[in-house]
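Q: heads up, no residue letters with this:
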């Protein structure tokens, strides 16, 4: 991901406020989850650099054989310590940082994570261990700007023999370039087995939207050695042919025996990858004036204090991890905790194609620091102008904290549909009453621009106790050079461009605490019964009945993608009942059409075990399964719409920074979370939710993938948790009742001001309700 030599400064983070007044210190409960301040980030950096045994240095020179600090971010407290403080009045847990260090200057280089504290004045550190004691090999580390800079120099040298070929066929070149330059995109995973660091690089013309401008040249560069002088090009692909080296390709071109791809000028007749408007709508309706806007006629109806957000019964704490993005804690409705944590864990996109880079592309975006690429949100486009915008700070692949302006926004959204409504007809042209409740939701939003793709991450809070988590996918498609065989793997979207088929999967962690930490999980759907009709002898009735299935162990609660998903996924507290005798529960409702990304058991599939498929893949042999001690084969790994496990501090995340570059022996293997098949009855439960969609790119993805139809997520919905819909507490209700038989006088009851003309229609609210013949 190298844009010539432009420094896309990546960034652990603290929240500052760009607008309004959320600069106030958060309440003590929320503050234990607040991201590190710039001062805390610098204190951790300086403390670690001052420890001589770590041998840390600033990145410099042309070698990766250095010990460097890569990441600093908040290390959240354990759940036990947090609940002792939040619920038991105990002391606030000591603030600690998570620090990631690349030890490259050792005989056996590795990556080690440390807990550093207490903050704000750290004085000790200790290593953090992954479940199973897995070490992190040096080759598993994420890429850094230093390594990209070294890749740039290596690629410039490698393409020097190809100067004439590139100049003549594309009008652009890489070596010794100042104008009309090429750039490159890099592919992951970097190799075919653990310990490798071999990357396919796609060369592209460096114009606006360069992702859509491959030139037909891809190179495989081995850069495992910390000394870049030992790096080497291992293979070259050009226009459907493989070559052993750039020199061989150049010689074929000079001899005139090469099938070349002559590319047109990218700007003729216009640059198709740009956002500049072109064409006309045939209706002639105006688009050169402003459209509808969101406004707040009486001011904000939410409260933001530091990292604590409150709205219509909801309260929560939030943070934005540099490593993986948005994370909520202590999510409550009317003071009762619904979830201890809700967080993004991973986003993946697995591709197919005809070129070597395309067939190798299996992106795990946590490995690219998807929480650190939270660039500025544009008022009026990314978020309404009335939003509260918040800045964040990251210390990710940088010498110190970096400020990211307007990386988060908060706004109240009119949904455009009532939350509830009813027109009570008298069936004679009039009505008995009309009642409706305005539809609103509070939105907490951030984005991750992971190179070509832009993910828009939303959490929506509704006043009826419903929470929605969703993600929109937009940005540029990952495109490769078009070949005739390419149509097997996607759509031709321009003269020399193939949009490659891929599947998006997103993984969430939902640590539910429904009316307490002792929860159970059951699924519910309908079956049909054929019974005698009690009021008509001899007749039969076919009707649905509720089939409930308690899931008592972790294996029983792992619901694979290959099987139908029960429509009700219920988490309840069996010791807590609502007024009507039902166990108080919350439901997870998927909004997704997730599918498999690889056949079961294929080697890279281990790195995304949470997304495993429930059936064997046709034509691909699965690895041999080892038998258990009783001689029965272990069940094959599965891919899951949903998996439910007992809460373990050692199972804090389903992925890691390191799975991208070592999916074959992943540092975090999700299958180990459920392998011991623990009881989940009346336990502290965590739901792991997978959502996703298949994307077959098409011409309408040019210049960018649009958001409509490209969003997935899930709802948390109360199910007998309350005695009635809690939104009855909202004053945004309107009730209209006729006062005479002719409907000439109406009583309008409302609890908000009649006149919202500051930003609405100039006419006050009115209603008629009749439907007389005309």
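A: That came through, no problem. Because the structure is predicted, anything quoted here is derived from the model rather than measured.
Q: Please make it C-alpha for all contacts and neighbour counts, starting now.
A: Will do.
Q: which strands and helices sit next to the longest helix along the chain?
A: Counting residues, the longest helix found in the chain (DSSP state H) is helix 145-158. Here helix 145-158 touches no other helix or strand, going by 3 or more C-alpha pairs under 8 Å, 6 or more residues apart in numbering; DSSP states H and E.
Q: And the next helix or strand past that helix?
A: helix 163-170 (DSSP states H and E).
Q: If we go by neighbour counts, what in the longest helix of the chain is buried?
A: 145, 146, 147, 148, 149, 150, 151, 152, 154, 155, 156, 158 (16 or more other C-alpha atoms under 10 Å).
Q: Please convert these to TSV, extending it with pLDDT.
A: As requested, the buried residues of helix 145-158 are arranged in TSV below (pLDDT from 0 to 100):
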residue	pLDDT
145	96
146	96
147	97
148	97
149	96
150	97
151	97
152	97
154	97
155	98
156	97
158	98
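Q: Residue 213: neighbouring residues, count only.
A: Neighbour count for residue 213, taken as other C-alpha atoms under 10 Å: 26.
Q: Same question for residue 214.
A: Burial of residue 214 is recorded as 26 neighbouring residues (other C-alpha under 10 Å).
Q: what residues are up against it?
A: 202, 203, 204, 205, 479, 480, 481, 496, 497 (C-alpha atoms under 8 Å, 6 or more residues apart in numbering).
Q: Take those residues and keep only those in strands.
A: Of the positions in the contacts of residue 214, 202, 203, 204, 205, 479, 480, 481, 497 sit in strands, assigned by DSSP state E.
Q: Sheet partners, orientation included, of whichever strand or helix holds residue 575?
A: Assigned by DSSP H and E, residue 575 belongs to strand 568-577. Using DSSP bridges, strand 568-577 pairs in its sheet with strand 520-532 (antiparallel), strand 583-591 (antiparallel).
Q: Just the buried ones out of the contacts of residue 214, please.
A: Of these, these count as buried by 16+ other C-alpha under 10 Å: 202, 203, 204, 205, 479, 480, 481, 496, 497.
Q: so what's the first one up against?
A: Put plainly, it is residue 202. So residue 202 contacts 184, 185, 186, 214, 216, 217, 218, 219, 357, 480 (C-alpha under 8 Å, 6+ apart).
Q: Would you check how far apart the fifth one and residue 689 are?
A: Read that as residue 216. Separation of residue 216 from residue 689 (C-alpha to C-alpha, to the nearest Å): 39 Å.
Q: Could you check the pLDDT of the residue lying farthest from the centre of the chain?
A: Note on the chain: the largest C-alpha distance from the chain mean falls to residue 537, namely 57.8 Å (C-alpha atoms, centre = their mean). Listed pLDDT for residue 537 reads 93.
Q: beta partners for the residue nearest the centre of the chain?
A: For the chain, the residue nearest the mean C-alpha position is residue 347 (5.0 Å; C-alpha atoms, centre = their mean). Note on residue 347: beta-bridge partners by DSSP bridges are residue 506.
Q: Begin at 386 from now on, thanks
A: Noted, 386 is the first residue going forward, which turns the last one into residue 732.
Q: ok, back up a step: ok, the contacts of residue 599 vs residue 966, which is closest?
A: Using C-alpha to C-alpha, residue 864 comes nearest to residue 966 of the contacts of residue 599, at 56.2 Å.
Q: Name the nearest residue to the closest one, sequence neighbours excluded.
A: In space, and not counting its chain neighbours, residue 864 is closest to residue 884: 4.8 Å by C-alpha to C-alpha, 6 or more residues apart in numbering.
Q: I'd assumed residue 871 was in contact with that neighbour.
A: No - assessed by C-alpha atoms under 8 Å, residue 884 is found out of contact with residue 871, at 9.0 Å.
Q: Quick check: neighbours shared by those two?
A: The contact lists of residue 884 and residue 871 share residue 877, where a contact means C-alpha under 8 Å, 6+ apart.
Q: Look at the two and report which has more neighbours.
A: Legend: neighbour count by other C-alpha under 10 Å for residue 884 and residue 871, higher for residue 884 (29 against 20).
Q: Could you tell me the model confidence score at the more buried one?
A: 98.
Q: Can you report phi and psi for it?
A: Phi and psi for residue 884, reported as degrees, to the nearest 10, are phi -90, psi 120.
Q: Show me the beta-bridge partners of it.
A: For residue 884, the beta-bridge partners are residue 864, residue 876 (DSSP bridges).
Q: List the contacts of it.
A: 862, 863, 864, 865, 875, 876, 877, 878, 1081, 1082, 1083.
Q: circling back: same list as before, the ones in strands among the contacts of residue 599 that is, but in CSV and with distance to residue 811 included.
A: Formatted as CSV, the ones in strands among the contacts of residue 599 follow (distance: C-alpha to C-alpha, whole Å):
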residue, distance to residue 811
587, 68
588, 70
589, 68
590, 68
864, 60
865, 63
866, 65
882, 61
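Q: ok, of those, which one's closest to residue 1128?
A: residue 864 (62.8 Å).
Q: Just the pLDDT at the residue nearest to residue 752 when sequence neighbours are not counted, thanks.
A: Using C-alpha to C-alpha, 6+ apart and skipping residues adjacent in sequence, the residue nearest residue 752 is residue 1042, 4.3 Å away. With respect to pLDDT, residue 1042 has a value of 97.
Q: with the buried residues of helix 530-543 in mind, which one is nearest to residue 762?
A: Among these, residue 530 lies closest to residue 762 (C-alpha to C-alpha), at 23.7 Å.
Q: before we move on, back to that, name the nearest of the buried ones among the contacts of residue 599 relative to residue 1105.
A: Out of the buried ones among the contacts of residue 599, the member with the shortest distance to residue 1105 (by C-alpha to C-alpha) is residue 864, at 47.9 Å.
Q: Tell me how many other residues crowd the nearest residue in space to residue 754 that is not next to it in sequence.
A: In space, residue 754 comes closest to residue 708 once its chain neighbours are excluded; the distance is 4.8 Å by C-alpha to C-alpha, 6+ apart. Neighbour count for residue 708, taken as other C-alpha under 10 Å: 26.
Q: does residue 708 count as helix, strand or coil?
A: Put simply, residue 708 is coil when judged by DSSP: H, G, I helix; E, B strand; the rest coil.
Q: Check which helix or strand the residue farthest from the centre of the chain maps to.
A: Assigned by DSSP H and E, residue 922 falls outside every helix and strand.
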